[in-house]
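**Q** Give me the fold of what follows.
(chains A, B, C, D, E and F)
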There are 6 protein chains.
Amino acid sequence: MTNTLDAWRIGQEPAYHAAGDEITGYAAAYAARLPVMLKGPTGCGKTRFVEHMAWRLGRPLVTVSCHEDMTASDLVGRYLLGPEGTHWQDGPLTLAVRYGGICYLDEVVEARQDTTVIIHALTDNRRVLPLEKKGELVSAHPDFQLVISYNPGYQSVLKDLKESTKQRFCAMDFDYPAPEIETTIVAAQSGLDDGVSRQLVQIGGKSRNLRGHGLDEGASTRMLIHAGRLIREGLPLRQACALALITPLTDDPDIRVALQDAVDACA
Amino acid sequence: MTNTLDAWRIGQEPAYHAAGDEITGYAAAYAARLPVMLKGPTGCGKTRFVEHMAWRLGRPLVTVSCHEDMTASDLVGRYLLGPEGTHWQDGPLTLAVRYGGICYLDEVVEARQDTTVIIHALTDNRRVLPLEKKGELVSAHPDFQLVISYNPGYQSVLKDLKESTKQRFCAMDFDYPAPEIETTIVAAQSGLDDGVSRQLVQIGGKSRNLRGHGLDEGASTRMLIHAGRLIREGLPLRQACALALITPLTDDPDIRVALQDAVDACA
Amino acid sequence: MTNTLDAWRIGQEPAYHAAGDEITGYAAAYAARLPVMLKGPTGCGKTRFVEHMAWRLGRPLVTVSCHEDMTASDLVGRYLLGPEGTHWQDGPLTLAVRYGGICYLDEVVEARQDTTVIIHALTDNRRVLPLEKKGELVSAHPDFQLVISYNPGYQSVLKDLKESTKQRFCAMDFDYPAPEIETTIVAAQSGLDDGVSRQLVQIGGKSRNLRGHGLDEGASTRMLIHAGRLIREGLPLRQACALALITPLTDDPDIRVALQDAVDACA
Amino acid sequence: MTNTLDAWRIGQEPAYHAAGDEITGYAAAYAARLPVMLKGPTGCGKTRFVEHMAWRLGRPLVTVSCHEDMTASDLVGRYLLGPEGTHWQDGPLTLAVRYGGICYLDEVVEARQDTTVIIHALTDNRRVLPLEKKGELVSAHPDFQLVISYNPGYQSVLKDLKESTKQRFCAMDFDYPAPEIETTIVAAQSGLDDGVSRQLVQIGGKSRNLRGHGLDEGASTRMLIHAGRLIREGLPLRQACALALITPLTDDPDIRVALQDAVDACA
Amino acid sequence: MTNTLDAWRIGQEPAYHAAGDEITGYAAAYAARLPVMLKGPTGCGKTRFVEHMAWRLGRPLVTVSCHEDMTASDLVGRYLLGPEGTHWQDGPLTLAVRYGGICYLDEVVEARQDTTVIIHALTDNRRVLPLEKKGELVSAHPDFQLVISYNPGYQSVLKDLKESTKQRFCAMDFDYPAPEIETTIVAAQSGLDDGVSRQLVQIGGKSRNLRGHGLDEGASTRMLIHAGRLIREGLPLRQACALALITPLTDDPDIRVALQDAVDACA
Amino acid sequence: MTNTLDAWRIGQEPAYHAAGDEITGYAAAYAARLPVMLKGPTGCGKTRFVEHMAWRLGRPLVTVSCHEDMTASDLVGRYLLGPEGTHWQDGPLTLAVRYGGICYLDEVVEARQDTTVIIHALTDNRRVLPLEKKGELVSAHPDFQLVISYNPGYQSVLKDLKESTKQRFCAMDFDYPAPEIETTIVAAQSGLDDGVSRQLVQIGGKSRNLRGHGLDEGASTRMLIHAGRLIREGLPLRQACALALITPLTDDPDIRVALQDAVDACA
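**A** Numbers count the residues shown, from 1 in each chain, chains lettered A, B, ... in the order given. Below is the predicted model of the structure:
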């Protein structure tokens, strides 16, 4: 986090398998410098997609996981008191705005509302970032783009983006990858062969069928990769699935039995 | 944000197509230096209108997006600690008051209540801004004017302007532009020809008919412009509308089908 | 806001038309140095009355609009950090107490509860202001008086003056002025002739009849003056009333029609 | 508020007319250095009584009006930053503890809960005041006593003294004085003769009969004195009662008529 | 509160009359350095017991009354800004941990939850106190012990110790002393003879029978001692009981009559 | 808590008796550097297990008990003001990340939400810790691992890990040890022989059968050890069980009788 964005460049191509026309869509939005909102469930690849696009577009990517205690100062920066008095410390968003990165605010709806002033000024024709405490109005670098993620299943009436915020973004839906693609992903990232990876993907698919029938969400692709890595470290498939899939997903004995059955059926 | 308002001057005429007598009305209110409240839905052109009027009147425009964590200090300014001890940093409102700009507080009802003391002292015959922490009473520059926006559809009993605040403002209603005007706007700002722009405006109109039938708000003019820009970047109309209109507006499958039908009918 | 109260002196007589015996009543309360509470709806002239009395009694008037984030420190003062370390900055109330002004706390019930300690010590036989952070007990100047305003229509069970606070004040009721008086006020402050001013006052009266039938409050005298000024700037009466009266007062279409009818009937 | 308690000494005997054995009771509690709680409605003379007892016992009296934003630091003191770095500023309670005054915490139940630590350590056999921020444990001066007031009609389940706090205090009930005594008090403090004072006391008595029938509390003795002073300044009795009694007590038209009838009957 | 614990040593044996095997139980817990929780109603002698045990074991006792605004910093210490920059000020708990005292947190459940981190690290096999702000991990002195009190009648679902906290403590029940013992205590601490003391204890016993029938708690032993001291100062028993028992305990007229009857029956 | 992790190394092997394949499972997760979540009731050995694994893997262990006032700064570190101006103080998590320890966040769900940003960045393929206030992005030491505990019985809808957080962890279930193992543990840690230890374990087992029938949780292994230590200090078994088991667990008289019966049956 020096004052340039080198630390945020993505060295190697992050593997990404397109499910549809999302790459051309995103590329057009970036070309028009429109802000983008990625919608979809946990762990289905939104973060991976934005990493891939940042690599493809040759832009540094500054990722921030938002949370309910996050304020605008956490994004924008603040004064710190040092031996020479105060000096200004750019926050992660300011770095991206100033030096032309893509800033990805993961689950921005969790952040406190003072982020609104930032999002609005950066996403209309002004494209400026007001650093009110510093008395500076930063015009966005031509290469800057704002991306946010949003999980529709999470939001409540009390905690949602305002309509006047939502309407500033292009939006794209994401879901779990198709089985063939997911098998390739699991194999590539766990180091397993395709056979075991396919078993894990089948298990993942069955867990996703339980969504709404006792599970809030099914196993994410990330969880399947975790199971794969444990198998690579020598654990049998059943123990790996227990650690990486079943035990994290639920404490309900019936659902656990259903998940265990799914594992046994695929093993 | 230097201490003069040059950074806030509007260089080029912001395109604005009047829907009625709002330009003479605003001009009279400015001539009488009465504060103005702009009422209307998201993205219907309130901000554009105030930019246009600021340009027309030759006044700098200081825009602030308010939010629920915003306090009076964010508007007025604060002391900062530096190597020489503290120095005062004028906030955006103070700059406008001191040097004669128009200050536009977007969605002021979101801000915390200590903005009340400011609004009241600036909007009655006193026309002063008390900088309580600085011990200064700033008399407003003769050219200063306060403008606020207000979305009637948003407010709740718990969060509304006090009657004693509302009654200090002249108010003007805004709504989406008429189709012919909106077509011209979309064409001008997206770089498309009138034919495709008219298609987008028709789609927008259909989406607005769904307001109250599953949509909180229809597509704003801004969204239509976004779709137009994506088309300019080479996306087909359907993909552009999916990205810029349908996916941001709703996650309800039925409403999405209805919006998609509207797109298909106009394509 | 220098350390004396010259900035708060009222140079010219603020026009005030008495509705009853409120001038003698207030004068007696001031002579006995009893604190006074002014009760009445928004914009009916409470502020104007206290300005008039301050002028009549030759006392500086320090007005503070209270709000729900206001703390005692905002009224009393605070330490500020400067190059020489901290120095004390008297707040507006302290200035009035120390140098003998009338301090008018507008809508004091909005302020936070730590103002209670101040109000109590200043309004019983002690007549002192404890500056706790400074370790100073300021005895009120013999000419000091505390005045507060209070809108009975606003208060809720959760937010009201404590009985032990209320009972420390003499109280006076205020309401909109009688038509003849209000016509004179509107004419004087808008620069219109009596004919148009009378029309505006009639419109105002009709709007006040709608109080409780869809309107929280009718048009204040201030709103009528605003309409008059817009007419002076060249707007026709209907447009001026739309801007200054109807649109600010309500968004209900039926009430707007009723208000428009009232305008048409008087035009 | 120098570091000794001279500013808090009571120079003249505060007039007090005993209603029962409260003077001997308080004197015994002071002799045993037991803390005392005064219970009763607003303005019935609790503050006056403790002033009288402080004068009678020759002790300085430090009075603090508590409120819901008051913290222990407001009572105990705090560090202030000055040119020499920080220095400690004793709060009002610490002054009384250190130099042997009576500290009267008016409506202590309003204060925040961190006052508990103070009250407990001062009211059991330790009789110490921990200045935690200063790292000092102040042993109470032998003459120190803690007195609090408490209005049983005010408290709710959510805001009450803890049982473990209440049980540390001796308690005394207070109510409005008997008519003869109250007449003497009103006459003495307003400068009126006994005849008009008796009229005012009769009016006060009638208002107290309305308690629970539309009034939260009747007119306090203080209000009667206010009316008396306005009469002394030349107002007729009806106007004085309107200002000092009726208008402050209620906005209910029926209750106002009832109060007005009470005034008329006694005038 | 110097940096050693001398100020916290208990010079004289605090009188304590054991009701059962609590002295051997506590001594064993101290010998095993297990933390102890004292359970029981207000004023039944928990504080006295821990004072007695501290004296018996020859350990300094640091007592802290907890409250709902208390944070871990109040217990652990904080940095203070002085002329040499900041220096660390040990809080009361840290003093006990560092120098080997018994720390008694009275009603710890009232304190804020960040005390949890402290309690857990001090009450398992780590026996350490992390001073996170100082970057120091204080290993408890071998003589250190933590004691807390807990009133089961007070706790609600919303405010209770976590199960994982409770299970770290040995616990002992306390209740009011048996009449013979309580008589001895009252006599010793009020200076009265046994006869009057026995009367007071009988009155106390009757008040405790009213618990759950209109009283939250009966008269504590402390209240009986207060009544005794007032009698020693010359008040008759009825007045002393009114001041020290009846008026503090309740405002309910029926319960007051019942308590008065209890006094009369024993007088 | 120097800047290296020596203070956090575990000198001696913490005794741990495996109940199943948890040791191989954890070792595989550590080998793959996957984060781990330990699920189970209070005091069943989760902390002991992670201590054992840290010792077995030769890694320092930094344990933090989370609580509802804990913020990210408490974990990550903060600037402190000293005579040379500010300097940065690494928090416990940062120490583990920087120097390669295992960081165990006990009951992390209690902490405030700004810990989310930390957990997410440390538990996906980034493995970085953003010190936003310092402007530093710490890449995790290759040996770093994050472990959290989670008690499913505690969580409510309002306070739970987000699904997007949970899915980042491998998870393992814990429960009380089997009787034979628990007997060995109690004997080893209390210094008692196996006979009495077995009695205590039987009592513990009976208490756990009462879970859901009046007890929130049964006696933890820790409580049994406490009872054992009190017996070692000379208390009879019944008194030791009363102090260490029955009185801490409940105040319900019926449940106490049931627990007492369980003790008597085993004594």
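**Q** What residues does the residue of the stretch 101-250 of chain A found nearest chain D make contact with?
**A** Taking Cβ to the nearest Cβ, chain D has its nearest neighbour within the stretch 101-250 of chain A at A:Lys133, 21.2 Å off. Heads up, the C-betas are built off the backbone N, CA and C, glycines and all. Contacts for A:Lys133 were tallied using Cβ atoms under 8 Å, 6 or more residues apart in numbering or on different chains; they are A:73, A:78-79, B:78, B:80, B:89.
**Q** what's A:Glu132 in contact with, if anything?
**A** Contacts for A:Glu132 were tallied using Cβ under 8 Å, 6+ apart; they are B:74, B:91-92.
**Q** which of the residues you listed lies closest to F:Ile231?
**A** Closest approach to F:Ile231 among the contacts of A:Glu132 (Cβ to Cβ): B:Asp74, at 63.8 Å.
**Q** neighbours around that closest one, how many?
**A** The number of residues packed near B:Asp74 is 24, by other Cβ atoms under 10 Å in any protein chain shown.
**Q** A:Leu57 too?
**A** Around A:Leu57 there are 15 residues (other Cβ under 10 Å).
**Q** right, and it touches A:Tyr30 too?
**A** Yes - using Cβ atoms under 8 Å, A:Leu57 is in contact with A:Tyr30, at 5.9 Å.
**Q** Find the residues that touch each one of these two.
**A** Listed as contacting both A:Leu57 and A:Tyr30 by Cβ under 8 Å, 6+ apart are A:Ile102.
**Q** What strand or helix carries the residue of the stretch 101-250 of chain A closest to chain D?
**A** A:Lys133 belongs to no helix or strand when elements are defined using DSSP states H and E.
**Q** per-residue confidence for it?
**A** Looking at A:Lys133, its pLDDT reads 72.
**Q** Roughly how far does it sit from chain E?
**A** Going from A:Lys133 to chain E by Cβ to the nearest Cβ, to the nearest Å gives 22 Å.
**Q** And A:Tyr150, by the same measure?
**A** Counting by Cβ to the nearest Cβ, the separation of A:Tyr150 from chain E is 31 Å.
**Q** Which residues of the stretch 1-150 of chain A lie near chain B?
**A** Within the stretch 1-150 of chain A, the positions near chain B by Cβ under 8 Å from any Cβ of the partner chain are A:21, A:24-25, A:28-29, A:31-32, A:34, A:37, A:39, A:71-72, A:79, A:81, A:84-86, A:112-117, A:120-121, A:124, A:126, A:130, A:132-133, A:135-137.
**Q** Which members of these are classed as buried?
**A** Listed as buried from the residues of the stretch 1-150 of chain A next to chain B are A:25, A:28-29, A:32, A:34, A:37, A:39, A:72, A:79, A:112-117, A:120-121, A:124, A:126, A:130, A:132-133, A:135-137; burial here means 16 or more other Cβ atoms under 10 Å in any protein chain shown.
**Q** now, which of those residues lie within strands?
**A** The strands, defined by DSSP state E, take in A:37, A:39, A:79, A:130, A:136-137 from those.
**Q** Show me the two of those residues that sit farthest apart.
**A** A:Lys39 and A:Tyr79 (36.1 Å).
**Q** how about the helices of the stretch 151-267 of chain A, start to end?
**A** For the stretch 151-267 of chain A, the helices defined by DSSP state H, counting those that start in this stretch cover A:163-166, A:179-190, A:194-209, A:221-232, A:237-241, A:247-249, A:253-266.
**Q** Compare those helices and give me the one nearest chain B.
**A** Going by Cβ to the nearest Cβ, the one of the helices of the stretch 151-267 of chain A nearest chain B is helix A:163-166, 4.1 Å.
**Q** So which elements touch that closest one?
**A** Secondary-structure packing of helix A:163-166 (3 or more Cβ pairs under 8 Å, 6 or more residues apart in numbering or on different chains; DSSP states H and E): helix A:115-123.
**Q** angle of the helix it packs on against helix B:221-232?
**A** Using axes from the mean of the first three to the mean of the last three Cα atoms, to 10 degrees, the direction of helix A:115-123 lies 40 degrees away from that of helix B:221-232.
**Q** closest to D:Val201 among the ones in strands among the buried ones among the residues of the stretch 1-150 of chain A next to chain B?
**A** Nearest to D:Val201 among these, with distances taken as Cβ to Cβ, is A:Tyr79, at 62.9 Å.
**Q** Any stretches of chain A with poor pLDDT?
**A** In the predicted model, chain A carries pLDDT under 70 at residues A:1-3, A:69, A:80-86, A:153-159.
**Q** Can you pull the domain assignment for it?
**A** A:6-173, A:179-266 (automatic domain parsing).
**Q** Tell me which of those domains sits nearest to F:Met53.
**A** Nearest to F:Met53, of all these, is domain A:179-266, at 13.9 Å by Cβ to Cβ.
**Q** Work out the gap between the closest one and the centre of the chain.
**A** Mean-position distance between domain A:179-266 and its chain equals 21 Å (Cα atoms, centre = their mean, to the nearest Å).
**Q** picking up where we left off before, need the contacts of A:Glu132 in a markdown table with secondary structure and distance to C:Leu249, can you?
**A** Formatted as a markdown table, the contacts of A:Glu132 follow (DSSP: H, G, I helix; E, B strand; the rest coil; distance: Cβ to Cβ, whole Å):
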| residue | secondary structure | distance to C:Leu249 |
| --- | --- | --- |
| B:Asp74 | helix | 29 |
| B:Gly91 | coil | 31 |
| B:Pro92 | helix | 29 |
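**Q** Generate TSV for those residues, with distance to chain F as supplementary columns.
**A** Listed next are these as TSV, based on distance: Cβ to the nearest Cβ, whole Å:
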residue	distance to chain F
B:Asp74	20
B:Gly91	24
B:Pro92	25
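**Q** which one of the helices of the stretch 151-267 of chain A is the most hemmed in?
**A** Looking across those with neighbours counted as mean count of other Cβ atoms under 10 Å in any protein chain shown, the highest average goes to helix A:221-232: a mean of 26.
**Q** so what's the most centrally placed residue in chain A up against?
**A** For chain A, A:Thr47 is the residue whose C-alpha lies nearest the centre (Cα atoms, centre = their mean; 3.2 Å). In this structure, A:Thr47 makes contact with A:63, A:104, A:106, A:149, F:124, judged by Cβ under 8 Å, 6+ apart.
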